[in-house]
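>>> 3D model of this:
(2 chains)
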2 protein chains.
Amino acid sequence: MATHRVVVVGGGFGGAQAVEHLRSGDDLEVTLVDRRNFHLFQPLLYQVATGALSPGEIASPLRGLVKRRKNTRVVMGEVSGFDLAGRRVVLHEVAGGGARELPYDTLVVAAGSGQVYFGHDEWAPLAPPLKTIEDALEIRRRILVAFEAAEEEDDPKRQAAWLTFVVVGGGPTGVELAGQIAEIARDTLRHDYRTIDPGTARVILVEGADRVLTTFDPRLSTYAKGALEHLGVSVELDRLVTGVDAAGVTVKPKDGPAERIDSHTIVWAAGVQASPLSRALAHEAGTDVDRTGHMTVSPDLTIPGHPEVFAIGDMVRVSDGHGGTLPLIGVAPEAMQEGRYVARVIRDRLQGKGEPRPFHYVDKGNLATIGRMRAVGEIKGLRLRGFLAWAAWLGVHLFYLTGIQNRILVFTRWTVSFLTHGRGARLITGEGSGIEPGSSGTDGGPRDGA
Amino acid sequence: MATHRVVVVGGGFGGAQAVEHLRSGDDLEVTLVDRRNFHLFQPLLYQVATGALSPGEIASPLRGLVKRRKNTRVVMGEVSGFDLAGRRVVLHEVAGGGARELPYDTLVVAAGSGQVYFGHDEWAPLAPPLKTIEDALEIRRRILVAFEAAEEEDDPKRQAAWLTFVVVGGGPTGVELAGQIAEIARDTLRHDYRTIDPGTARVILVEGADRVLTTFDPRLSTYAKGALEHLGVSVELDRLVTGVDAAGVTVKPKDGPAERIDSHTIVWAAGVQASPLSRALAHEAGTDVDRTGHMTVSPDLTIPGHPEVFAIGDMVRVSDGHGGTLPLIGVAPEAMQEGRYVARVIRDRLQGKGEPRPFHYVDKGNLATIGRMRAVGEIKGLRLRGFLAWAAWLGVHLFYLTGIQNRILVFTRWTVSFLTHGRGARLITGEGSGIEPGSSGTDGGPRDGA
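Numbering: from 1, shown residues only, chains lettered A, B, ... in the order given. The predicted model follows:
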């Protein structure tokens, strides 16, 4: 029997689990393609954006994850499209340069999602999303620079604008970010400044629905709102953002005139859009995508007409076989279970075990943290809130973090942060990190850090 | 008595020590000015460049260091010059925007040094220096991308160029970098690739003098060269770099024709140039700077004619009072002792204790590491090499690292690296991190890391 070639696109939660469970020993040759050279533990990315963790502590090099699997190789490159008839993945460009194609017998696409600006892509530079390491470092830079700027600003109105932080979107990411920014202002930076009191900072969470954390029980949403307000966050519900510019945002309440918020620090955590590869697959398969670019896959996670092509994770919806879709919300455990399911289906097919039962998500629970010792959770129908949910959140995230080293590092950071109320990684780096434009780089200028 | 205002420019080793020892209780008001918001432990920067440590693990926010000192404030801004007659520091631009001046009674300038390209500043983008966090991440990116590119390259000649790494300069930084790159290739990445053997990578250390580590005893230079060669580094002595371009470097041996080395990964660790603020001070004081931009300060570290202005660290030379200068080599302990000395002089003056004895450097030793369990050191006339020097190096660096948290984090990383031969922070981030230009950012493209 010839070697069966599996190409997995994307090294996120879904793709990494698929690769992990495509054991060698089976007559398989696995190729993992990703634009980045690392797996990112995205649920903790907001902690990088708020200086609690360093990027390297929530990322693991992909080659390191598969180094002992001789049947698995990694290609660092960007997928531009698919030739399903010819069974090839087309790469835009790879490390060595030039376009390239990867032939497959089975294809698994797990390319994830991006942020959507509802037709206003021009807002992205003004209100960055939180999807990549670079996004997180940029948001961290903006938050910290805002306090620096406020410290040196004499005009009270301009100072207030620097001390106003707007988070758009009341899902888990928005709630976690808003809570952390409030904690930074009231707690971490408390003694750091001499002209401003960081505790006077306004943190505003804007949500279009009538509650935050809409994927949770409404009672937990109420608790979360209260906990956020306790931290000093203004939770503004039933409000849509209608404008973003360099000086602030315009917000339109459901009933009432538009309001203006002056702010230089806006983060966008509202609205998810499937990877363009979802549309590319749908096009090849002759089906369509929904409003947010998600195609719907069959109950066995294959795409219509192509049993050899799987698409998983938050780039797709999953048909329930009865005209609807499974009630999945785009979190990591879903993608991980899908990845493992796909690996099992591929192995079963090779062993001639026949066709699989439909994918079924085992919901082990859902957690969102708000701040120091405050979180909400739903675990097997049980509603948790407060300290217990927070402890569960800590344990689950440490457990799922990749690699023993990262677990020790993150545990250390969390312990020190908890004891000292500090955030050790609050560095201003990257573009404009010296405040003035073009200060970084190799200009031979003064190196204060020498 | 009115409050005595001290302005310290630069939060590196010298400036941070000066601030640390200007205790409150004395009737002092201290302002620390830096372009960056953190103190950087520069001796470990090469470990960030080689993926062994994360930036946040060797940096400490300046505001955190002085948060409990109510007499000390931090200004994040860039110094453009001095008005010594008017006793003011002129800032280019600060966080709030606009130029600004800081009046002082005593001024301490500790602005460090940058890399010098000997009149070829156009080489800087091709052969980056290792001075800032951003430099280190860029070098890390280039090293890792080179292996990725080699893996995907079919042409043997082009593949060899990707697998050739050139480090220019055989001082401690160059030696440490070359040793680490060789270890990455032969050890860390050993099982990571499928088409290339990273162990075949060439690492070339180019040095103009006839030995590496010229500030050490020649016998230690010989040992270091042998240890580097044992790691697989080609040590090329008596050679000057005469050209750098996108495809490699041209090297001219002392006796012999120029040689060409094809390489896409070149790091510049040769030649230090004082901060331009050294020249600015010299100009104001009516003296001059040497070829590398260093002015010479008096034996008490003040600048000629201005007993209220100190300049310290590797941006200056220190007069020995007899027409020569002290034999300082620009390392952290020198700057730290100078910072403490200046703080004491300022306090003594305020207490009317009269003028100080000249600055005297207590040389506690000098260490440079080469690789796993190999280092060299000179401690009080004693020459150390091998395991003992390496153990001393580890201990000293952990001890001097700022903050208990960073010590735990670095200790953890080092322990895991030592045991697993891994380097956990080998992430490709920043510009072009997805290989193809412009792939990162907020374009809503596929997010493989989702």
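>>> Is A:His39 in a helix, a strand, or coil?
Following DSSP: H, G, I helix; E, B strand; the rest coil, the label given to A:His39 is strand.
>>> Would the longest strand belonging to chain A count as contacting chain B?
What stands out as the longest strand in chain A, according to DSSP state E, is strand A:72-83. Yes - for strand A:72-83, a contact with chain B is found by CB under 8 Å from any CB of the partner chain, at A:Arg73, A:Val74, A:Val75, A:Met76, A:Gly77, A:Glu78, A:Val79. From N, CA and C alone the C-beta is placed, and that goes for glycine too.
>>> TSV for those, including distance to A:Pro356?
Below are the residues of strand A:72-83 next to chain B laid out as TSV (distance: CB to CB, whole Å):
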residue	distance to A:Pro356
A:Arg73	26
A:Val74	27
A:Val75	28
A:Met76	31
A:Gly77	30
A:Glu78	31
A:Val79	26
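>>> Taking those residues together, which two end up most distant?
A:Arg73 and A:Glu78 (16.8 Å; CB to CB).
>>> So which helix or strand of chain A has the lowest pLDDT on average?
Here the helix or strand of chain A ranked lowest by mean pLDDT, DSSP states H and E is strand A:88-94, holding a mean of 85.
>>> Report the angle between that one and strand A:72-83.
With axes from the mean of the first three to the mean of the last three CA atoms, to 10 degrees applied, the angle from strand A:88-94 to strand A:72-83 works out at 110 degrees.
>>> and strand A:88-94, how far from the chain's centre?
24 Å (CA atoms, centre = their mean, to the nearest Å).
>>> got it, and stretch A:125-142?
So, by CA atoms, centre = their mean, the centroid of stretch A:125-142 is 11 Å from its chain's centroid.
>>> Ends of it, what's the gap?
End-to-end distance of stretch A:125-142 (CA to CA, to the nearest Å): 12 Å.
>>> That stretch near chain B anywhere?
Yes - using CB under 8 Å from any CB, we find that stretch A:125-142 touches chain B at A:Pro125, A:Pro128, A:Pro129, A:Lys131, A:Thr132, A:Ile133, A:Glu134, A:Asp135.
>>> again, but for stretch A:401-408
Yes - Stretch A:401-408 is in contact with chain B by CB under 8 Å from any CB, via A:Gly403, A:Ile404, A:Gln405, A:Asn406, A:Ile408.
>>> Kindly report the same for stretch A:342-357.
No - for stretch A:342-357, no contact with chain B is found by CB under 8 Å from any CB; the gap never falls below 15.9 Å.
>>> Let's see that stretch as PDB, backbone CA atoms only.
Extracted in PDB, the C-alpha atoms of stretch A:342-357 (Å, rounded to 0.1, in the frame of the first residue of the first chain):
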ATOM      1  CA  VAL A 342     -10.800  13.900  12.000                       C
ATOM      2  CA  ALA A 343      -7.600  12.000  12.900                       C
ATOM      3  CA  ARG A 344      -9.700   9.100  14.000                       C
ATOM      4  CA  VAL A 345     -11.800   9.100  10.900                       C
ATOM      5  CA  ILE A 346      -8.700   9.100   8.700                       C
ATOM      6  CA  ARG A 347      -7.100   6.300  10.600                       C
ATOM      7  CA  ASP A 348     -10.300   4.200  10.600                       C
ATOM      8  CA  ARG A 349     -10.700   4.700   6.800                       C
ATOM      9  CA  LEU A 350      -7.100   3.500   6.300                       C
ATOM     10  CA  GLN A 351      -7.900   0.400   8.400                       C
ATOM     11  CA  GLY A 352     -11.100  -0.200   6.400                       C
ATOM     12  CA  LYS A 353     -13.300   0.400   9.400                       C
ATOM     13  CA  GLY A 354     -16.100   2.000   7.400                       C
ATOM     14  CA  GLU A 355     -17.700   5.400   7.700                       C
ATOM     15  CA  PRO A 356     -17.800   7.300  11.000                       C
ATOM     16  CA  ARG A 357     -20.600   8.400  13.200                       C
END
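>>> I'd like the next helix or strand past the strand or helix carrying A:Gly114.
A:Gly114 is part of strand A:113-115, with elements assigned from DSSP states H and E. In the C-terminal direction, the helix or strand that comes right after strand A:113-115 (DSSP H and E) is helix A:133-152.
>>> Which strands and helices lie in contact with that following helix?
helix A:45-49, helix A:156-162, strand A:265-268, strand B:72-83 (3 or more CB pairs under 8 Å, 6 or more residues apart in numbering or on different chains; DSSP states H and E).
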